[in-house]
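Participant: Sharing a sequence plus its predicted fold:
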Protein chains: 2
Amino acid sequence: MREVFQQELAEVQDRLAEIARLVAISIEKATRAFNKSDVTLAEEVIADDDKIDELTVQLDELAITILARQQPVARDLRIVVSALRISASLERMGDMSTHISQLARYRFPDKVIPKSLRPTFAEMGALDVKIANMLAELLTTEDMALAEAIRNEDDKVDALHLSVFDAVLGETWKGQAADTVDATLASRYHERFADHAVSIAKKVQYLGTGDWQQPAPADA
Amino acid sequence: MREVFQQELAEVQDRLAEIARLVAISIEKATRAFNKSDVTLAEEVIADDDKIDELTVQLDELAITILARQQPVARDLRIVVSALRISASLERMGDMSTHISQLARYRFPDKVIPKSLRPTFAEMGALDVKIANMLAELLTTEDMALAEAIRNEDDKVDALHLSVFDAVLGETWKGQAADTVDATLASRYHERFADHAVSIAKKVQYLGTGDWQQPAPADA
């Protein structure tokens, strides 16, 4: 019985890592579609998000089944409850990839972002991809150094997000209203993607401490 | 033991309703601060969001304690797991109120939104307030008619959200870049607030069906 339980916990963690890997693929394609104006790639991301949604629903059902049949306590209980929260964050990260792709598709064949901001968005996209890959690695290895690294990369995303606002609100902004709307939304999607990754990283760190006197970190 | 358990489940549901009432107060103040440019009110919302965050963390800890000590199964397990998800959505709704208030504070003493869009935002704000009040009522009474009503009101919010984009992308839009940014963000905050309420309403409806063969609805 105990051995089955350990296998089930391992299954939960494997599935989280699997979903995280799909999210990493999704954001890589989405940011590439966005920066290069590739509508075929954008369509792939949008279609493939169903798979991420499906896997998170299945993971949640597995977690609930474990709660019902195995009735875990202490650390094992925290792992299962954390899995529910992490799967919700991964699902939202998939949604952010989808929103980025929808913008790319909407403006195709034009690029979404005016020239002046393309380096900024290329960088934000690259950071999101890096963060997603580190997150998949973290969920596979539980290497806490990755959790800290994710939080550091998120600080860079936040700084770029602020710089987008400086640009669109500055005196040299030549964009039309559509450019302003797109830059605002796109920047927010990239920033929220990274925020969710940090939220997950914090939960993994919390599980690592084993300090159940402290409550689990709230969702970012 | 069973009686204690029933009391604890009731406690979870009472706390969800309490947080929902605070969220309803929060969005009422936030939309009023936003539409009337009231910085004092905006500051209250921002400060009071800490209370919502604190209560959701405490509720999550109570839910985890129940899982550990009472080891619920079947419907009771679904109630406790749903409570964790609902509390996360309520916490995000509080964040949306805060974001709306931050915009009001940032632009004070000017109003955030240009004249042409003020009726639209007044209506979106009023709908969010109505939805929040219905949600608090739903979590108190479990009257499923309220769940349907919330979903209908959300459709209206979605329509208004689209109309904001039509306005800022249309030919008669006279706003500066700052107005475009603010309208885009504010509209998204109002729309996400309502989305989260729908997400909660769906979960309450799911609990009402008692059909555990179907997986729980994903977070919207």
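Facilitator: Structure's in. What do you need? Numbers count the residues shown, from 1 in each chain, chains lettered A, B, ... in the order given.
Participant: switch to C-alpha atoms for all contacts and neighbour counts from now on
Facilitator: Noted.
Participant: Would you mark the buried spots in the helix or strand hosting residue A:180?
Facilitator: Element membership for residue A:180, per DSSP states H and E: helix A:177-209. Using 16 or more other CA atoms under 10 Å in any protein chain shown as the burial criterion, the residues of helix A:177-209 that qualify are A:177-207.
Participant: What about residue A:138, how many residues nearby?
Facilitator: Residue A:138: 22 surrounding residues under other CA atoms under 10 Å in any protein chain shown.
Participant: Could you say which helix or strand holds the residue lying closest to it once chain neighbours are set aside?
Facilitator: Once flanking residues are discounted, residue A:138 sits nearest to residue A:146: 5.9 Å by CA to CA, 6 or more residues apart in numbering or on different chains. Using DSSP H and E, residue A:146 sits in helix A:144-169.
Participant: How about the helix holding residue A:180 and chain B, touching?
Facilitator: Yes: using CA under 8 Å from any CA of the partner chain, we find that helix A:177-209 touches chain B at A:177-178, A:180-181, A:184-185.
Participant: tell me which parts of chain A are close to chain B?
Facilitator: Neighbours of chain B within chain A, by CA under 8 Å from any CA: A:53, A:57-58, A:61, A:64, A:67-69, A:71-74, A:77-78, A:81, A:85, A:88, A:168-169, A:177-178, A:180-181, A:184-185, A:215-219.
Participant: Can you flag which of those residues belong to helices?
Facilitator: A:53, A:57-58, A:61, A:64, A:67-69, A:74, A:77-78, A:81, A:85, A:88, A:168-169, A:177-178, A:180-181, A:184-185 (DSSP state H).
Participant: Torsion angles phi and psi at residue A:175?
Facilitator: Torsion angles at residue A:175 (phi, psi; degrees, to the nearest 10) stand at phi -70, psi 150.
Participant: What is the burial count for it?
Facilitator: A total of 16 residues lie near residue A:175 under the criterion other CA under 10 Å.
Participant: My guess is it contacts residue A:113. True?
Facilitator: No: shown here, residue A:175 and residue A:113 do not form a contact pair, counting by CA atoms under 8 Å, at 9.1 Å.
Participant: Okay, and the most centrally placed residue in chain A sits in which element?
Facilitator: The centroid of chain A falls nearest to residue A:93 when counting by CA atoms, centre = their mean (3.5 Å). Per DSSP H and E, residue A:93 falls inside helix A:74-107.
Participant: Tell me the buried residues in that helix?
Facilitator: Residues of helix A:74-107 classed as buried by neighbour count (16+ other CA under 10 Å): A:76-105, A:107.
Participant: Over it, what's the mean pLDDT, rounded is fine.
Facilitator: In this model, helix A:74-107 has a mean pLDDT of 95.
Participant: Next secondary structure after that helix?
Facilitator: Next helix or strand after helix A:74-107 toward the C-terminus (DSSP H and E): helix A:118-141.
Participant: any low-confidence regions in chain A?
Facilitator: Filtered on pLDDT under 70, chain A yields the residue ranges A:1, A:212-213, A:219-220.
Participant: hmm, 90 instead?
Facilitator: Scanning chain A for pLDDT under 90 picks out the ranges A:1-5, A:69-71, A:73-75, A:207-220.
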